[in-house]
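# below is the structure, and that's it, no one-letter string:
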């Protein structure tokens, strides 16, 4: 099967999706042409995917030019299916194909919140997206939670055309990794609790909630030893957030780590993982931590709660740093017992979140959509 893919912003979750999904043997015999900005994208894909599986056509960053490129490519009769990644690419690709008889599948890599659609511009944006979504042949979401979120905001989109497939990760890699000696490298005593924050420095990932939680733990002397936090995220507001730490007198408790080349080892090298996200399409980090057997505290936000439900992980209210502080303290006070609970769940996590299931499900979705004739 020959598939045209489009992506306007192939970073973060989309890159991870490409790496995990399209490297899978389920896509042997498939060929992909990807229209996307190529700022290191080709190099990334060539590192992780079988040779020749995805060929990148460099896209212009201008939406109008992107639309024209998508229209030109979609007119090629050799493509069996068009698959857009992300809302921007999905809307532009759908309108680009006006009058072109092609099957269009979009993968939603994010979720919606009400702030996006406030005011006149927000209302107009909603109407444009609704028109595009209703014209698509199918929409794929990476959790059932994200599917429900899309239906909530766009109830006129036929739910039968929305397919929720829980995403996955390379669980065996995270299971088999060896712990990095992070405390030793940071010069911390063995008894000093070390919390890992692996999200980017942006409001969505809740870094400042971790900061406020640690401030409360320190100020109220909730533990005999104040925990330290190892941060692994980059980009976003890293400078502003570390300046914020200094203002609060907490800078000595936070350590920005080099880019993690051994993610499994990093997850196993901290005492527990904090993931106080405000929203997620799918909590991949939680899947990775659970497959690694690492204790994790997460928020009960859309997209993350689906991953954490049924696991030993504590879930705290979204945006509540006080509840986060209480949960972190409870984990640290019973760390050996909690580690045992997560290790006991590890085999189930490895099976539940394995990439085989979503990769095979997406390949089957392609087959279901592809043979349709117009």
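In hand now; what should we look at? Predicted model, so just to flag it, every value in this text is computed and none were measured.
# next, the buried residues of the helix or strand of the chain with the lowest mean pLDDT.
When the helices and strands of the chain are compared on mean pLDDT, DSSP states H and E, helix 238-247 comes out lowest with a mean of 87. By neighbour count on 16 or more other CB atoms under 10 Å, the buried set for helix 238-247 is 238, 241, 242, 245. Placement of C-beta: from N, CA and C, glycine included.
# need the contact partners of it.
Helix 238-247 is contacted from outside by 201, 207, 208, 211, 251, 253, 254, 256, using CB atoms under 8 Å, 6 or more residues apart in numbering.
# what's the ChimeraX syntax to select whichever of the residues you listed are buried?
Per 16+ other CB under 10 Å, the buried members of these correspond to this ChimeraX selection:
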select :201,207,208,211,253,254
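# in helices only, show me the contacts of helix 238-247.
Using DSSP state H, the subset of the contacts of helix 238-247 located in helices is 207, 208, 211.
# pick the one among those closest to residue 106.
residue 207 (30.0 Å; CB to CB).
# any idea how far that closest one is from residue 215?
13 Å (CB to CB, to the nearest Å).
# strands of the stretch 251-374 of the chain, residue ranges please.
Counting by DSSP state E, counting those that start in this stretch, the stretch 251-374 of the chain has strands at residues 254-256, 272-275, 296-299, 314-316.
# if we can go back for a sec, can you redo the ones in helices among the contacts of helix 238-247 as JSON lines with pLDDT?
Formatted as JSON lines, the ones in helices among the contacts of helix 238-247 follow (pLDDT from 0 to 100):
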{"residue": "207", "pLDDT": "93"}
{"residue": "208", "pLDDT": "93"}
{"residue": "211", "pLDDT": "95"}
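# how about stretch 25-36: buried residues?
Result for stretch 25-36 [16+ other CB under 10 Å]: buried residues 26, 27, 30, 32, 33, 34, 35, 36.
# do the same with stretch 249-268
Within stretch 249-268, judged by 16+ other CB under 10 Å, the buried ones are 250, 253, 254, 255, 257, 260, 263, 264, 265, 266, 267, 268.
# likewise stretch 171-186?
171, 174, 175, 177, 180, 182, 183.
# next one: stretch 135-146
Buried residues in stretch 135-146 (16+ other CB under 10 Å): 136, 138, 139, 140, 141, 142, 143, 145, 146.
# now stretch 125-138
Buried residues in stretch 125-138 (16+ other CB under 10 Å): 125, 126, 129, 130, 132, 133, 136, 138.
# filter these down to the ones in strands?
residue 138 (DSSP state E).
# now, which of the buried residues of stretch 125-138 sits nearest residue 317?
residue 126 (27.5 Å).
# measure the closest one to residue 354 for me?
36 Å.
# before we move on, what about residue 260?
22 Å.
# residues in contact with the nearest residue to residue 153 once chain neighbours are set aside?
The shortest distance from residue 153 to any non-neighbouring residue, by CB to CB, 6 or more residues apart in numbering, is to residue 112 (4.5 Å). Counting by CB under 8 Å, 6+ apart, residue 112 makes contact with 149, 150, 152, 153.
# ok, now residue 37?
8, 9, 10, 58, 59, 60, 61.
# can you give me the strands in the stretch 101-250 of the chain?
Counting by DSSP E, counting those that start in this stretch, the strands of the stretch 101-250 of the chain are 104-108, 138-141, 162-164, 194-197, 228-231.
# okay, these in a markdown table with mean pLDDT next?
Formatted as a markdown table, the strands of the stretch 101-250 of the chain follow (pLDDT from 0 to 100):
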| stretch | mean pLDDT |
| --- | --- |
| strand 104-108 | 97 |
| strand 138-141 | 97 |
| strand 162-164 | 95 |
| strand 194-197 | 97 |
| strand 228-231 | 96 |
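# how about these in a markdown table, adding distance to residue 187?
Shown next, in a markdown table, are the strands of the stretch 101-250 of the chain (distance: least, CB to CB, whole Å):
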| stretch | distance to residue 187 |
| --- | --- |
| strand 104-108 | 44 |
| strand 138-141 | 44 |
| strand 162-164 | 46 |
| strand 194-197 | 12 |
| strand 228-231 | 10 |
